[in-house]
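1. How does the following fold in three dimensions:
(chains A and B)
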Amino acid sequence: MTQRRILVTSALPYANGHIHIGHLVEYLQTDIWVRFQKLRGHECRYFCADDTHGTAIMIRARQEGRAETDVIAEMSESHQRDFAGFHIEFDHYGSTNSEANKERCTEVWKALRDQNLVIERDVTQLFDPKEGIFLADRFVKGTCPNCATPDQYGDSCEKCLATYSPTDLKDPKSTLSGATPEVRTAKHLFVTIESFRSFLSEWTGQDDHLESSVANYLKGQFLGKELRDWDISRPAPYFGFEIPDAPGHYWYVWFDAPIGYIASTQEWCAKHNQNLDDWWRSDQTEIHHFIGKDITYFHALFWPSMLKAAGFTLPTRVQVHGFLTVNGEKMSKSKGTFIRASTYLEHLNPTYLRYFYASKLTPREDDIDLNLEEFAQKVNSELVNKVVNLASRSARFVADTGLSDAYPDDDGLFENGAATGEFIAEAYEAKDYNKAVRLIVGLADRANEYFDKMAPWQLKKEGKLDEARNVCSVALNLFRQLTIYLAPVVPQLSTESARLLGTEIKTWDDAKTPLVGTGVQPFKHLLTRVDMKDVQAVIDASTDASTETAGASAATSDDSGDALAAEPIADECTFEDFMKVDLRVARVLKAETIPEARKLLKLTLGLGGDETRTVFAGIKSAYEPSALEGRLVVMVANLAPRKMKFGVSEGMVIAAGPGKEDIYVLSPDDGAVPGQRVH
RNA sequence: GCUGAAGUAGCUCAGUCGGUUAGAGCAGGCGUUUCAUACGCGCCGGGUCGGGAGUUCAAAUCUCUCCUUCAGCACCA
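-> Below is the predicted model:
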């Protein structure tokens, strides 16, 4: 086999949030592939970095009263600790806020300029005069220009679903300072990405660069019409690199982030006396990017365009994966399924998750589901009961004698396993780990059948010691074969398994030659079962608090003050003003979902006696109707009825939280009864 | 609405350049062994392959149509 040179990346995690089990789908998918290639003897390098620039980091640093560089240094350390905890091994882990990255950004930029691909255009945006920064849509709130609902974000209204520009909002307020934003115009630089369209149409459709469904998506969604210019600069203040030929303007974070792949490689090259061009300007090198489907656009359109413009090697493959759901639903803080990597590691073995994800992953961009019951069952049944147990049930028989000196007749099992190894390798190569795992477990089944049929414990009783030893030698060799095939997925288990037989796993082809005559170490447990109690402990720990959202604008469930900062206290009002609002305790008599509505639940609220109100509440994303029925809530009882798409809403249910799954309906303490006024 | 994808046993999936009685694992039922982390092994039940129509000697697999689900988009890229 000729040795391939392969460069692999995962998307750069953003320095504004912690690693969670959703992120891990990607890093584990990548790590498994890299480990497989290394085991096959290829020169494979895995590069990643923290993505550090942008407004979100800048705002976070301001709120915490420290330098951006402090924030990102701390987060980088945390990220790398989490990755290491899951046995994810990078050849180099850098940062987009590095000299190397600045150099490479400058290089790409120069190429774009030289080819006249950059144009200038004015962009009108809201500006926060107190903070002195331009405001992205999510940092502006005001009254919907369409239906007059107050307190709506700058891009769309949650009530009437209208979309608009933040400059259309009535009474806009900055969510950062509460100041009234000004409309300002600033110069932005754009890359005329349209000039790459014919190249992209060709590239995305050929040579397996993308899964066909992804290529179809791009073709249908973007490449059929003119590509809009890409807004690639942000005016000061901005945390990032200042554009050399445009003082006061910075590269947009999405420009310098992927270039971080090259910069990370460059730093590694410097340390290992390698030439960067051998990795990024060579048709001898394969480049594989692993990404989530949310950033397909950037990696399959913008990124190849940048690479082409600057004369770098184009990706061999952009591998797109889906999102993670837990128990069939989006990860949710209120359900405790928004699980941080570090929280998981406090209670559970990383090997479990590596195995489970591998068993689920295919080359397609389907979402994968972490059903926690299935997780425990699958790991216990397949990995512990079948694979590990094979060693456990046979090792003791040969603890004194070691393996047979010649490999015994085994009905062709080992040979079959060696041959199957090629199919397993094909599956790994194609990123079809689901298939690889199925093949491996199939081999484990055959090994267990053989062991049962031969019944070495029986042979031992009958005094046929040599025969018993032979059977166990076969079993342990088959076990070893399995652990070699599983090594990319569960490296720690494989390493410890090899130690049992006094060897190391060096290459994939070790699975082709049986061990003979070697000693066997005393067996000790290689892996314990998943205990649902520990799984529950993870859920509990994730439900409590301590979880932190990715966005700076979103509130956290701690007392940091972020929530207050995200939405400052409103203007003062008088007691009379307050008394105009009639808040009442109400019981949820009925809660119905409206299938066509994305955000609304239809609630029938009882105010005592026969008095009821129909209220449409935008809490579908956070509550199951059944969980609401019967409970007491607080409602605005004298709000003017509003005609909505699905009927007339006769009030409002009081709730806190930034939205989405983070919505918390308020309840009175025990003793309150429907109809009582809240003073 | 537009675009992309998907609908195969209770669950997770395999199988599709058309071709023997549609497969696996898990879950369920029955039996069995005792070497092993009460694990393993054997057997059984269970699917009109989303519905309908068409092409064909033959369709889960090709064509059309309808239904359902998911995701993306509707000026953030």
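2. now the strands for the stretch 301-450 of chain A?
-> Using DSSP state E, counting those that start in this stretch, the strands of the stretch 301-450 of chain A run over residues A:317-321, A:324-326, A:329-330, A:368-370.
3. Deepest-packed of those, please.
-> Comparing the strands of the stretch 301-450 of chain A by mean neighbour count (mean count of other CB atoms under 10 Å), strand A:317-321 ranks first with a mean of 22. To be clear about C-beta, it is placed using only N, CA and C from the backbone, and glycine gets the same treatment.
4. Determine the set of other helices and strands touching that strand.
-> The criterion is 3 or more CB pairs under 8 Å, 6 or more residues apart in numbering; DSSP states H and E, and the helices and strands that strand A:317-321 contacts are helix A:21-39, strand A:285-292.
5. Export these as CSV, with columns for mean pLDDT, mean neighbour count and distance to RNA strand B.
-> What follows is these, written out as CSV (pLDDT from 0 to 100; neighbours: other CB atoms under 10 Å; distance: least, CB to the nearest atom of the strand, whole Å):
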stretch, mean pLDDT, mean neighbour count, distance to RNA strand B
helix A:21-39, 94, 23, 13
strand A:285-292, 93, 21, 10
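6. Quick one: the strands in the stretch 101-250 of chain A, in order.
-> Using DSSP E, counting those that start in this stretch, the strands found in the stretch 101-250 of chain A span residues A:118-128, A:133-134, A:140-143, A:152-153, A:170-174, A:182-191, A:230-231, A:233-235, A:249-251.
7. same check, this time on the stretch 501-650 of chain A
-> Using DSSP E, counting those that start in this stretch, the strands of the stretch 501-650 of chain A run over A:583-593, A:601-606, A:612-617, A:632-636, A:642-644, A:647-649.
8. Mind telling me which of those the model trusts least?
-> Per-stretch mean pLDDT for the strands of the stretch 501-650 of chain A is lowest at strand A:642-644 (a mean of 62).
9. I figured A:Asp151 hits A:Val140, correct?
-> No - the pair A:Asp151 / A:Val140 is not scored as a contact, 11.3 Å apart, by CB atoms under 8 Å.
10. Between these two, point out the one with more neighbours.
-> Taking neighbours as other CB atoms under 10 Å, A:Asp151 and A:Val140 compare with A:Val140 leading, 23 against 15.
11. how about the more buried one, what does it touch?
-> A:Leu126, A:Tyr153, A:Gly154, A:Pro166, A:Leu169, A:Pro172, A:Lys173, A:Ser174, A:Thr175, A:Pro181 (CB atoms under 8 Å, 6 or more residues apart in numbering).
12. if we can go back for a sec, reformat the strands of the stretch 301-450 of chain A as a markdown table; add mean pLDDT and distance to A:Ala236.
-> Below are these laid out as a markdown table (pLDDT from 0 to 100; distance: least, CB to CB, whole Å):
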| stretch | mean pLDDT | distance to A:Ala236 |
| --- | --- | --- |
| strand A:317-321 | 89 | 33 |
| strand A:324-326 | 86 | 37 |
| strand A:329-330 | 78 | 37 |
| strand A:368-370 | 86 | 42 |
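13. The ones you listed into TSV, with extra columns for distance to RNA strand B?
-> Listed next are those as TSV, based on distance: least, CB to the nearest atom of the strand, whole Å:
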stretch	distance to RNA strand B
strand A:317-321	11
strand A:324-326	9
strand A:329-330	7
strand A:368-370	6
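14. Adding distance to A:Ser473, write those strands out as JSON lines.
-> Shown next, in JSON lines, are those (distance: least, CB to CB, whole Å):
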{"stretch": "strand A:317-321", "distance to A:Ser473": "40"}
{"stretch": "strand A:324-326", "distance to A:Ser473": "42"}
{"stretch": "strand A:329-330", "distance to A:Ser473": "48"}
{"stretch": "strand A:368-370", "distance to A:Ser473": "38"}
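15. State the distance from the closest residue to A:Leu176 other than its chain neighbours to A:Thr124.
-> Closest residue to A:Leu176 apart from its sequence neighbours, by CB to CB, 6 or more residues apart in numbering: A:Glu131 at 5.1 Å. Distance, A:Glu131 to A:Thr124, using CB to CB, to the nearest Å: 18 Å.
16. any low-confidence regions in the stretch 151-300 of chain A?
-> Scanning the stretch 151-300 of chain A with the threshold set as pLDDT under 70 gives A:156-163.
17. Enumerate the residues of it near RNA strand B.
-> A:155, A:163, A:165, A:212-213, A:216-217, A:219-221, A:228, A:230-231, A:254, A:293-294, A:297-298 (CB under 7 Å from any atom of the strand).
18. List only those of these flagged as buried.
-> Among those, the ones that count as buried by 16 or more other CB atoms under 10 Å are A:Tyr217, A:Trp230, A:Trp254, A:Phe298.
19. now, which of those residues lie within helices?
-> In this view, these that belong to helices under DSSP state H are A:Tyr217, A:Trp254.
20. my guess is the residue nearest to A:Leu176 meets A:Ser177, correct?
-> Yes - in terms of CB under 8 Å, A:Glu131 counts as a neighbour of A:Ser177; the distance is 5.0 Å.
21. For RNA strand B, what's the nearest residue on the stretch 151-300 of chain A?
-> Nearest residue of the stretch 151-300 of chain A to RNA strand B, counting by CB to the nearest atom of the strand: A:Gly220, 2.6 Å away.
22. Please apply the same query to the stretch 451-600 of chain A.
-> Of all residues in the stretch 451-600 of chain A, A:Trp457 sits closest to RNA strand B, at 3.2 Å by CB to the nearest atom of the strand.
23. Can you spell out the domain ranges of chain A, please?
-> A:5-115+A:192-321, A:118-191, A:349-512, A:564-665 (automatic domain parsing).
24. mind listing the helices for the stretch 101-250 of chain A?
-> For the stretch 101-250 of chain A, the helices defined by DSSP state H, counting those that start in this stretch occupy A:197-205, A:212-218.
25. Show residues contacting the shortest one.
-> Spelled out, it's helix A:212-218. A:200, A:204-205, A:209-210, A:293, A:296-297, A:300-301, A:318, A:320, A:364-365.
26. out of the residues you listed, which are buried?
-> Buried among these by 16+ other CB under 10 Å: A:Leu200, A:Thr204, A:His209, A:Leu210, A:Thr296, A:Ala300, A:Leu301, A:Val318, A:Val320, A:Arg364, A:Glu365.
27. ok, now which ones touch the last one?
-> Looking back up the chat, that one is A:Glu365. Residues near A:Glu365 by CB under 8 Å, 6+ apart: A:Glu211, A:Ser213, A:Val214, A:Lys293, A:Val320, A:His321, A:Gly322.
28. And it, how far from RNA strand B?
-> Taking CB to the nearest atom of the strand, to the nearest Å as the measure, A:Glu365 falls 8 Å from RNA strand B.
29. cool, A:His92 as well?
-> To RNA strand B, A:His92 is 27 Å away according to CB to the nearest atom of the strand.
30. I'd say that residue and A:Gln266 touch.
-> No - with contact defined as CB under 8 Å, A:His92 and A:Gln266 do not form a contacting pair (9.2 Å).
31. Could you list the buried residues of the helix or strand containing the residue of the stretch 451-600 of chain A closest to RNA strand B?
-> Using DSSP states H and E, A:Trp457 falls within helix A:456-461. Within helix A:456-461, the residues scored as buried using 16+ other CB under 10 Å are A:Pro456, A:Leu459, A:Lys460.
32. thinking again about what came up before, make a markdown table from the domains of chain A and add distance to A:Asp540 to it.
-> Below are the domains of chain A laid out as a markdown table (distance: least, CB to CB, whole Å):
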| stretch | distance to A:Asp540 |
| --- | --- |
| domain A:5-115+A:192-321 | 15 |
| domain A:118-191 | 31 |
| domain A:349-512 | 13 |
| domain A:564-665 | 18 |
